[in-house]
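**Student:** Fold the stuff below for me.
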Amino acid sequence: MDFFIQNAYAQGAQQGDSTSFIIMMVLMFAAFYFLLIRPQQKKQKAHTELVSGLQVGDEVLTAGGILGKITGVSEHYAVVKISDNTEIKVQKASVSMVVPKGTYDEA
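**Tutor:** Next up, the predicted model:
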């Protein structure tokens, strides 16, 4: 009789272990989503909005550290004036931020 009780108890414990394992996995996925995936998606969305909103006259800083003023914009590229007679063509995705007006000093 004790054998049957112990066997039934062991099967109940295994059932509880699998349920707690599933709950733990769901909680771990939720933690990864809210701590890693979601903030990265927000950052990517903000950068996409920044790139799509570039206009002629904006002063920008590229990922390579080049500061300049946009003189032309196409679908994938922007022309950035970096000195009096020097303009470079960069991918719009390489623009890391739009800086406040007056940051780029042409002098």
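
**Student:** quick one: the strands in the chain?
**Tutor:** 59-62, 67-73, 77-83, 86-91, 95-98 (DSSP state E).

**Student:** winner for burial among those strands?
**Tutor:** Compared across these, strand 59-62 shows the largest average neighbour count, a mean of 19 (mean count of other C-beta atoms under 10 Å). Bear in mind the C-beta positions are built from the backbone N, C-alpha and C, glycine included.

**Student:** other SSEs contacting it?
**Tutor:** strand 67-73, strand 77-83, strand 95-98 (3 or more C-beta pairs under 8 Å, 6 or more residues apart in numbering; DSSP states H and E).

**Student:** so which of those strands comes closest to residue 30?
**Tutor:** Of all these, strand 95-98 sits nearest to residue 30, with 31.1 Å by C-beta to C-beta.

**Student:** Residue ranges of each domain in this structure, please.
**Tutor:** 1-52, 55-98 (automatic domain parsing).
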